[in-house]
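Student: Predicted structure and sequence below. I'll ask about it afterward.
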Amino acid sequence: MAFYKIAGVLALLWIIRRVFKQKLPLLSPPNSSLLWGHEKQAFDEPAGSFYGRWFDVFGPAFKIDGALGYGEILVIADPGALAHMYIKKTYDYGHSPFFRPLIDRLLGKSLVWVDGAEDHGKMRRMLNPFFSAESIKHYSNDVVESAHRLQHKLSEHVQTHDRAVTINLLDWTWRVTLDIIGRVGFNHDFGCGESPEAKDIARSWKETISLGMDIAGLIAPAVLRAFPFITDLPVKSIQAQGEIKTIVRKLGTEMIAREGQHAQGKDLLSVLIRENAANGNHETSDQLLDHVVTFVMVGHETVAGALNYTLWELARNPDVQDKLRQEILAFPGEPTYEDLNGPALPYLDAVLKEALRVHPPSAHTEKAAEHDDIIPLKLPVRGADGTWIKEIPVKAGQIIYVPSIAVNRLHSVWGDGDKFRPDRWIEENGLPPASNLNLGWAHLFSFSQGPRNCIGFRLAIYEWKVIVMTLLRNFKFHDTGDMIQSKFSSTLQPRVIGREKEGCQLPVRVTLLHDDA
Ligand code: HEM
């Protein structure tokens, strides 16, 4: 009986929403389904491709119908609108109310979760020093050592497989990035992915992302968005997120006990423990553990994702790989932090920017307007009534999708935006005019922009450069010919077309560089 009552209430809400849904003055793609709106079409295509296609048709702002009668969702790529939402009025466009409980379930109530100028600003100021250039220089040896550990492990693997082996990149890159955040952040050794807790984290994460690639990855967010009062769905893809938090919290409790309440170090854990004590907590607070979960997870998974797609693109583009290796081999010794951030290795920098442009790990974000507002557009779009629109009025609660991957590839701005072509970053006039681009790192949206941009971007860039240099000095990566489709499941995730059942993977063949000499 209770089931029928709940179903009745949900059906009523659905009808009310459909009748009274807000009308944004924008154009919308055809073929909205009664059940899925446009969301299944977007979900069925590779990440960002549906949005990119319709940005081509309508310009960088249009609307779609949400699934389950949710109503209209604004989809935005316009640089003026994004500057307004992310830089000028950051805290008026917070995480969507459906997204926040998911962040809590996966990562806890730390910096990714916190909203509001005061609370977010305070937490960010406390954490900022750990992510400064000075701080990264201080722990740069740990990054270099972790990269060498991966190199030795991969070398052994290749040698024991007749010196040429196909690997799933997803099985390798997380080892080094987890090692790095463990060492620099928490004074903890994950043993290059071999420790039991490292294996537990990897297994649970793999399960979470794999579940999010299939239909549950469409249904679960759609139900939670349409009916946010349902906070707990018995859906495997959502329950699995809670498991990661449990695993890392247990590890965090052990790390904190080992470090003691009077930690003096410069590592992130010591900073967090001191802050916890300064707030009058003598016990390990929930928030302290949530910080550990957040930084262990976002601190390694995103960089691993960036490395996966980079090495895959290098395998598919041997000319780019050769050119990059030439630059790397010509560089004497181990580069310092300054070398990696200066003009010494321009092609390495170009490949990084292009990899993060075409395959941003954080490929999609979702915001909600806190108040009624007017969003200005830099590039006017044609409205539903045929007139040109230079601003979009939104009501409080309006959900806004920012598909970062489509923003970074916008064809009207980049021309061949889907193509991986690092040379564009070093050619004269290779880039679009800055006025048509965003204001984040390298004018891209990969690390977001404004006060809530990625706090770890300097560390991420440094790690990526050290690891790519180390690997290209020792290995050659070759294309396997597999066709890949990427989807957004917490972050950008690849699968082989036709072998979807095998889960997330990105295969490349690896040989030892010195065998080629
Ligand atoms: C290539 C690697 C990385 C990429 C592409 C990336 C991307 C991003 C993006 C797009 C956001 C904004 C998300 C949103 O608006 O919803 C973000 C936020 C964040 N990132 Fe990263 N990230 C990377 C690496 C890292 C690393 C290494 C760390 C820490 C060790 C980190 C920690 C965070 C945190 C804590 C936030 C929330 C910041 C705030 O809201 O103030 N990220 N990241």
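Tutor: Yes, it's here.
Student: what's the pLDDT at Thr208?
Tutor: Predicted confidence (pLDDT) for Thr208: 87.
Student: for Ile400, what are its contacts?
Tutor: Neighbour list for Ile400: Ile73, Leu74, Val75, Ile76, Met85, Tyr93, Glu366, Lys367, Ala368, Ala369, Val394 [criterion: CB atoms under 8 Å, 6 or more residues apart in numbering]. C-betas here are computed from N, CA, C, even on glycine.
Student: And Phe186, by the same measure?
Tutor: Met255, Asp267, Leu268, Leu269, Val292, Phe295, Val296.
Student: Please name the residues that touch the fifth one.
Tutor: Read that as Val292. Listed by CB under 8 Å, 6+ apart, the contact partners of Val292 are Phe186, Val248, Arg249, Leu251, Gly252, Met255, Ile256, Leu269, Leu272.
Student: Same list, those, but only the ones touching the ligand.
Tutor: For the ligand, no contacts are drawn from those by CB under 6 Å from any ligand atom.
Student: just for the chain, where's the confidence low?
Tutor: 1-22, 228-241, 261-263, 281-284, 516-517 (pLDDT under 70).
Student: Nearest to the ligand: which residue in it?
Tutor: Nearest to the ligand, among the residues of the chain, is Gly456, at 2.3 Å (CB to the nearest ligand atom).
Student: what sits against that residue?
Tutor: Gly456 sits next to Phe131, Val298, Gly299, Thr302 when contact means CB under 8 Å, 6+ apart.
Student: any idea which of these is the one closest to Asp56?
Tutor: Closest to Asp56 out of these is Thr302 (27.9 Å), distances taken as CB to CB.
Student: Pretty sure the closest one sits against Gln493.
Tutor: No. Checked against CB atoms under 8 Å, the pair Thr302 and Gln493 is beyond contact range at 11.9 Å.
Student: So between the two, which is more surrounded?
Tutor: Between Thr302 and Gln493, counted using other CB atoms under 10 Å, the more crowded position is Gln493 (26 against 23).
Student: Show me what that one is bridged to.
Tutor: Lys487 (DSSP bridges).
Student: That one and Ile209 touch, don't they?
Tutor: Yes. Using CB under 8 Å, Gln493 is in contact with Ile209, at 5.0 Å.
Student: returning to that earlier point: distance of the residue of the chain closest to the ligand from Phe131?
Tutor: 6 Å (CB to CB, to the nearest Å).
Student: now that we have the contacts of Val292, which one has the most neighbours?
Tutor: Greatest neighbour count in the contacts of Val292, by other CB under 10 Å, goes to Leu272: 27 neighbours.
Student: That one and Leu288 touch, don't they?
Tutor: Yes. Contact criterion CB under 8 Å: Leu272 and Leu288 qualify, at 5.7 Å.
Student: Can you list the strands that the longest strand seen in the chain pairs with?
Tutor: Longest strand of the chain, by residue count under DSSP state E: strand 373-382. According to DSSP bridges, strand 373-382 forms sheet pairs with strand 388-394 (antiparallel).
Student: Name the residues that touch the strand it pairs with?
Tutor: For strand 388-394, the surrounding residues in contact (CB under 8 Å, 6+ apart) are 24-26, 61, 74, 81, 369, 372-377, 380-383, 400.
Student: repeat that for 7 Å
Tutor: 24-26, 61, 74, 369, 372-377, 380-383 (CB atoms under 7 Å, 6 or more residues apart in numbering).
Student: and which of those residues is nearest to Asp515?
Tutor: Looking across those and measuring by CB to CB, the closest to Asp515 is Ala61, at 52.1 Å.
Student: Residues in a beta bridge with the closest one, which ones?
Tutor: According to DSSP bridges, beta-bridge pairing links Ala61 with Ile76.
Student: Leu82 is in contact with that one, correct?
Tutor: No. Using CB atoms under 7 Å, Ala61 is not in contact with Leu82, being 10.4 Å away.
Student: can you list residues touching both of the two?
Tutor: Counting by CB under 7 Å, 6+ apart, the common neighbours of Ala61 and Leu82 are Ile76.
Student: Up against the ligand, what does the stretch 151-300 of the chain have?
Tutor: Within the stretch 151-300 of the chain, the positions adjacent to the ligand are Ile181, Thr294, Phe295, Val298, Gly299 by CB under 6 Å from any ligand atom.
Student: between those, which is nearest Pro30?
Tutor: Distances from Pro30 to those, taken by CB to CB, are shortest for Val298, at 37.4 Å.
Student: these two touch, right, that closest one and Val112?
Tutor: Yes. At 6.5 Å, Val298 and Val112 qualify as touching, with contact defined as CB under 7 Å.
Student: quick one, which of these two is more surrounded?
Tutor: Neighbours per residue (other CB under 10 Å) separate Val298 from Val112, with Val298 holding more: 24 against 20.
Student: Against Asn408, how distant is the nearest residue to Ala133 once chain neighbours are set aside?
Tutor: Excluding its sequence neighbours, the residue lying closest to Ala133 (CB to CB, 6 or more residues apart in numbering) is Arg458, at 6.0 Å. Using CB to CB, one gets 20 Å for the distance from Arg458 to Asn408.
Student: Those two - which one has more neighbours?
Tutor: Counted by other CB under 10 Å, Arg458 and Asn408 do not tie: Asn408 has more neighbours, with 27 against 18.
Student: ok, the more buried one - contacts?
Tutor: Arg357, Pro360, Leu444, Phe445, Ser446.
Student: Now narrow the residues you listed to whatever sits close to the ligand.
Tutor: Applying CB under 6 Å from any ligand atom to the contacts of Asn408, one finds that Pro360, Ser446 fall near the ligand.
Student: Which one (most neighbours) among the contacts of Asn408?
Tutor: Ranked by the number of neighbours (other CB under 10 Å), the contacts of Asn408 place Phe445 first, at 31 neighbours.
Student: All the helices of the stretch 401-517 of the chain, residue numbers only.
Tutor: 404-409, 411-414, 457-472, 513-516 (DSSP state H, counting those that start in this stretch).
Student: Between these, which one is closest to Ala277.
Tutor: Among the helices of the stretch 401-517 of the chain, the nearest to Ala277 by CB to CB is helix 457-472 (25.1 Å).
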